[in-house]
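*Asks:* Structure of the sequence below:
(chains A, B and C)
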Amino acid sequence: MAVATQDTAVRTGRITRTFIYVVLIFFACFYLLPFFIMMVNSVKPLPEITGGNMMALPKEPTIAPWLSAWSTAQIGVEATGLKPYFLNSILMVVPAVAISTVLGALNGYILTKWRFRGDTILFGLMLFSCFIPFQIVLIPMARILGILGLASTIPGLILVHVVYGIGFATLYFRNYYAAVPTELVRSAQIDGAGFFQIFWRIMLPLSGPITIVCIIWQFTNIWNDFLFGASFAGSNPPMTVALNNLVQSSTGVKEYNVHFAGAILAALPTLLVYIVAGRYFVRGLMAGSVKG
Amino acid sequence: MSFLNIDNVTKAYGNVEVLHRVDIAVEEGEFLVLVGPSGCGKSTLLNMIAGLENISGGTISIKDRVVNDVHPSKRNIAMVFQSYALYPNMTVGQNITFGMEMHKIPKPERDRKLAEVAKLLQIEQLLARKPGQLSGGQRQRVAMGRALVRDPDVFLFDEPLSNLDAKLRVDMRTEIKKLHQNLGTTIVYVTHDQIEALTLSTRIAVMNKGYVQQLGTPKEIYDNPANMFVASFMGSPSMNLLPSKLVDHNGALAAELSDSNGAAVRLPLSQQGASLRAHLNKNVILGIRPEAITDAEGADKRAQNLQPLRNMVSVTEPAGSDTFVTMSLSGKDCVARMRADADARPRQDFDFTVNMDKAVLFDPQTEERIDQ
Amino acid sequence: MASVHSTAEPDFRTKLQDWLPKLVLSPSVAAMVVFVYGFIVYTIYLSFTDSKMLPSYDWVGFKNYATLFGLSAWSTALVNLAVFASLYIVICMAIGLLLAIFLDQKIRGESVLRPIYLYPMALSFIVTGTAWKWFLDPGIGLEHTMQLWGWESFKFGWIKDRNMAIYTLVIAAVWQSSGFVMAMFLAGLRGIDNEMLKAAQIDGASNWQLYRRIVIPLLRPAFMSAFVILAHLAIKSYDLVIALTGGGPGRATELPATFMYSYTFTRNQMGVGAASAVIMLMGVAAVMVPYIYSELKEKK
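*Replies:* Numbering: from 1, shown residues only, chains lettered A, B, ... in the order given. This next block holds a predicted model:
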């Protein structure tokens, strides 16, 4: 045959294909545009924004808005920039991700390889806890954090994120370990390995990909959280809350360029993760939606 | 007491009993095969011997020690799994020595035994590889190596050959048999493949629906099946089970069938016992293996009771060494196993010879043997 | 060698091995029982008390629910949620399906396009809200730019318009989530057996018929998953509203999530706030429970 054929069963003519490409590229622009505009305008001096065209490239590029957003912008009552809040987020995210991932791995291991009566119901309850509207726990959580002396503290936020992150972490590891043959565990049992030895020597070395998926998912979720930060962090808020304070502040001139720089700063860690490990990010999204 | 004793063992999940009062005594050096269709309970029984499933009732003892509550690793058993269950993150060498490592056996001793087993199984050149880099047959060897190195009292095999392609399966079968003959180990082997059961075992337990249907040597199982299930499950092609009527034919008992034209055919029986006579003029099932129906030249020369049978051939299937000929008897397809050059042709009558010495009879209701 | 062994009783290590899994699982289970289900029960209880700024334990029956459904702010929030959720779900699915089907046509540059469609999902809703708030601002964003480009009469002031502001929420939310829906549909499409499609073509099906009669029905599980995820995201939507419109203008973009927060923490009507949270939970449960149930049942 002289004509090159497509692999898929579906064949399309030239006009259809052109149309398809036009639509696809249009949507690519739709998704890219807001970020492009933020980027471009974050390096413009303020008059260029208010007086000019948002699509225009900067005439006098400046990194002053970035520096201001990072270290001098007014957040709430203090002119500290976003730097301390960025640090807050880091201090909150790292332990919360680590703890929830470890617990998730152990839970997944137990729920698939050490099954017991009622384990499916237990898992169902854990799964549902991933999806509850967190408004339902805000009031008692605020009280408990107060009682524990963790109100307005980073450890308090870590606790909150671990507690509500276990469900997803367990989901990931359970689904992954379900595909690991149980015979491996049985064989190791006959070889004399115990509960932790099997986990450590057999299961964990197999868990590389799912651990990355889980870490990325937890990182993205916890970094991007706003509700818990706004409710429980008091004067120590994470990045998202600080950004919102910066953008919504009603005093003084609205420094849009600083807002954009701040927004990009807040998005940077998760975007970076997405760019570096997008494949795992997508897998996490899918596993979180199509349970099985 | 015997080496491995399975005494009155049952298994139940909740109220559902899946294994009913199993009694099997295995002597040292025996090769016992548990065979049956999927869901018959054979793997459950094996897992109970291994300690991977709890025993609901009865006792299992190895070397006179009751092991019901003993951890799998302390029963001194080794198991080869269907999927081989090789640890994918470890090298072949580490896989084989993992058990010894867990039992805190010193490294020099581990290395010595590893070398020994690797030599025996001819896998020395594979020791540094990961399981993912091995072929199916190589993995199978490594799995056996992992079992052998433990020097166990009992080897347990859970369908170890079912993941291999047909040719490799035959080779590995021979190899397992050799291993058993050379090492004289005690083996319990689970399979759904009746040929594996017949070729490997010293004794077979045929299982169905949680019951041991028959326990005996391969020859006993093949020649004297206890019931219709065993008769049809063991042997390929399986035994012809033909509805017939027990009649008196010149003072002797005979099975009456109908040929492809519906005309009555009487085949006098070799067995004439009194218990059989009780079924006179009743419906019975005549069981006869394909190789007991031949042409006149191919018949067993030592047979006492050869009966001629003229019937129309419906299909012939040449299979190289043999030709399978199908005819209709009592409304059922009946297969005969002929020499390759037998001159049977479809839709033509043919003179068969039936070796009635090999015929067995079953009660159509209870499906049990009635001629013994 | 004097060896004593083999009692009928399991030894300590064997017994420990039986208990270890449950022991290790127990902290997670305890956390879940207390922090999820315990808290849910507590909030439900509060919704039947006359709690104001602080929790109180004076039982008032269904009074808070009566108050809640009598409040025009709550009715507005519910209507807004209905509008927002239905448009959000339908548009996300339509765009997601369209992009997935188009991307599945052996597109050159698929590996470049796919990440572009999906990256908004990595962003915080606060960032998304900040970007769109500005882009939709008539004085400085799209409207301003179009006018500078010479389209003097161009107007796009939805975000300041009480009747239209809710649709700006839909735009921003669709921007964030539709790429994700695309990824779900694409995974579904890639899972369809090509031979079946070839058979259908040999049967004489056109491309349109192929998709309408065979492919889209086969994507049913992906539709289900997408619906469930989008529906629960819609009910939980909070961050985006705060960042994009702050619930305004007026109460035009108030949703149950923002209502709950303001009644509980700024208006000191904790009982009513708790009642609204309970209603939200019931909404999510109505979607999630059957889904989780069927998913877990299938696996058995």
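*Asks:* Just confirm residue C:134 contacts residue A:256, I think it does.
*Replies:* Yes - in this structure residue C:134 lies within contact range of residue A:256 using CB atoms under 8 Å: 6.4 Å. Using the backbone N, CA and C atoms, a C-beta is placed for each residue, glycine as well.
*Asks:* Tell me which of the two has more neighbours.
*Replies:* Counted by other CB atoms under 10 Å in any protein chain shown, residue C:134 and residue A:256 do not tie: residue C:134 has more neighbours, with 25 against 22.
*Asks:* Identify all contacting residues around the helix or strand the more buried one falls within.
*Replies:* Counting by DSSP states H and E, the element that carries residue C:134 is helix C:125-135. Defining contact as CB atoms under 8 Å, 6 or more residues apart in numbering or on different chains, one finds that helix C:125-135 is touched by A:33-35, A:37-38, A:54, A:224, A:226, A:240, A:243-244, A:247, A:256, A:259-260, A:263-264, A:266-267, C:120, C:140-142, C:159, C:168, C:171-172, C:175-176, C:237, C:239-245.
*Asks:* In stretch C:276-283, which residues are buried?
*Replies:* Within stretch C:276-283, the residues that qualify as buried are C:276, C:277, C:278, C:279, C:280, C:281, C:283, counting by 16 or more other CB atoms under 10 Å in any protein chain shown.
*Asks:* didn't the fourth one look like it was pressed against residue C:257?
*Replies:* The reference is to residue C:279. No - the criterion here is CB under 8 Å, and residue C:279 misses it with residue C:257 at 11.2 Å.
*Asks:* tell me, what's touching those two both at once?
*Replies:* Shared between the contact lists of residue C:279 and residue C:257 (criterion: CB under 8 Å, 6+ apart) there are no residues.
*Asks:* from the buried residues of stretch C:276-283, which single one is nearest residue A:124?
*Replies:* Nearest to residue A:124, judged by CB to CB, of the buried residues of stretch C:276-283 is residue C:281 at 16.1 Å.
*Asks:* Am I right that the closest one is in a helix?
*Replies:* Yes - membership of residue C:281 in a helix is supported by DSSP: H, G, I helix; E, B strand; the rest coil.
*Asks:* thinking again about what came up before, and the helix holding residue C:134, C-alpha only, in CSV?
*Replies:* In CSV, the C-alpha atoms belonging to helix C:125-135 read as follows (Å, rounded to 0.1, in the frame of the first residue of the first chain):
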residue,chain,number,x,y,z
PHE,C,125,-7.0,27.3,43.8
ILE,C,126,-5.7,30.5,45.4
VAL,C,127,-3.2,30.9,42.6
THR,C,128,-5.8,30.1,40.0
GLY,C,129,-8.2,32.6,41.6
THR,C,130,-5.5,35.3,41.7
ALA,C,131,-4.8,34.9,38.1
TRP,C,132,-8.4,34.8,36.9
LYS,C,133,-9.5,37.6,39.2
TRP,C,134,-7.1,39.9,37.5
PHE,C,135,-7.7,38.6,34.0
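*Asks:* What subset of the contacts of helix C:125-135 is buried?
*Replies:* For those, burial is judged from neighbour counts taken by 16+ other CB under 10 Å, and it is met by A:33-35, A:37-38, A:54, A:224, A:226, A:240, A:243-244, A:247, A:256, A:259-260, A:263-264, A:266-267, C:120, C:140-142, C:159, C:168, C:171-172, C:175-176, C:237, C:239-245.
*Asks:* Where is the longest helix in the chain?
*Replies:* Went with chain A since none was named. Secondary structure of chain A per DSSP state H: the longest helix is helix A:256-289.
*Asks:* switch to chain C, that's the one I care about
*Replies:* Under DSSP H, the helix in chain C containing the largest number of residues is helix C:72-103.
*Asks:* do that helix and chain A meet?
*Replies:* Yes - in this structure, helix C:72-103 sits against chain A according to CB under 8 Å from any CB of the partner chain; the contacting residues are C:95, C:98, C:99, C:102, C:103.
*Asks:* In chain B, where is pLDDT below threshold?
*Replies:* Applying pLDDT under 70 to chain B picks out residues B:1.
*Asks:* export the longest strand along chain B as PDB, just CAs?
*Replies:* When secondary structure is assigned using DSSP state E, the longest strand within chain B turns out to be strand B:306-318. As requested, the backbone C-alpha atoms of strand B:306-318 are provided in PDB (Å, rounded to 0.1, in the frame of the first residue of the first chain):
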ATOM      1  CA  LEU B 306     -12.300 -59.700  24.000                       C
ATOM      2  CA  GLN B 307     -15.700 -58.800  22.400                       C
ATOM      3  CA  PRO B 308     -16.400 -57.900  18.800                       C
ATOM      4  CA  LEU B 309     -18.500 -54.800  18.100                       C
ATOM      5  CA  ARG B 310     -19.500 -53.600  14.700                       C
ATOM      6  CA  ASN B 311     -20.600 -49.900  14.600                       C
ATOM      7  CA  MET B 312     -20.500 -46.900  12.400                       C
ATOM      8  CA  VAL B 313     -17.500 -44.500  12.700                       C
ATOM      9  CA  SER B 314     -18.500 -40.900  13.100                       C
ATOM     10  CA  VAL B 315     -15.200 -39.100  13.200                       C
ATOM     11  CA  THR B 316     -11.500 -40.100  13.000                       C
ATOM     12  CA  GLU B 317      -8.800 -37.900  14.500                       C
ATOM     13  CA  PRO B 318      -5.200 -38.900  13.600                       C
END
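*Asks:* gap between it and the chain center?
*Replies:* Relative to its chain's centre, strand B:306-318 lies at 28 Å (CA atoms, centre = their mean, to the nearest Å).
*Asks:* which residues are contacting that strand?
*Replies:* With CB under 8 Å, 6+ apart as the contact definition, strand B:306-318 has outside contacts at B:259-261, B:265, B:267-268, B:293, B:296, B:299-300, B:323-329, B:333, B:340, B:344-356.
*Asks:* quick one: which of the residues you listed sit in strands?
*Replies:* Using DSSP E, the members of the contacts of strand B:306-318 that fall in strands are B:265, B:267-268, B:293, B:323-329, B:333, B:349-355.
*Asks:* Any regions of the stretch 1-150 of chain C where pLDDT drops low?
*Replies:* C:1-11.
*Asks:* Buried residues, stretch A:111-121. List them.
*Replies:* Taking 16+ other CB under 10 Å as the neighbour-count basis, stretch A:111-121 is seen to contain the buried residues A:111, A:112, A:113, A:114, A:119.
*Asks:* Now those in CSV, please, with extra columns for pLDDT.
*Replies:* Output for those, formatted as CSV (pLDDT from 0 to 100):
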residue, pLDDT
A:111, 92
A:112, 92
A:113, 90
A:114, 90
A:119, 88
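*Asks:* The helix or strand where residue A:40 lies to helix A:256-289, inter-axis angle?
*Replies:* Using DSSP H and E, the secondary-structure element containing residue A:40 is helix A:14-42. For the pair helix A:14-42 and helix A:256-289, the angle between their directions (axes from the mean of the first three to the mean of the last three CA atoms, to 10 degrees) equals 130 degrees.
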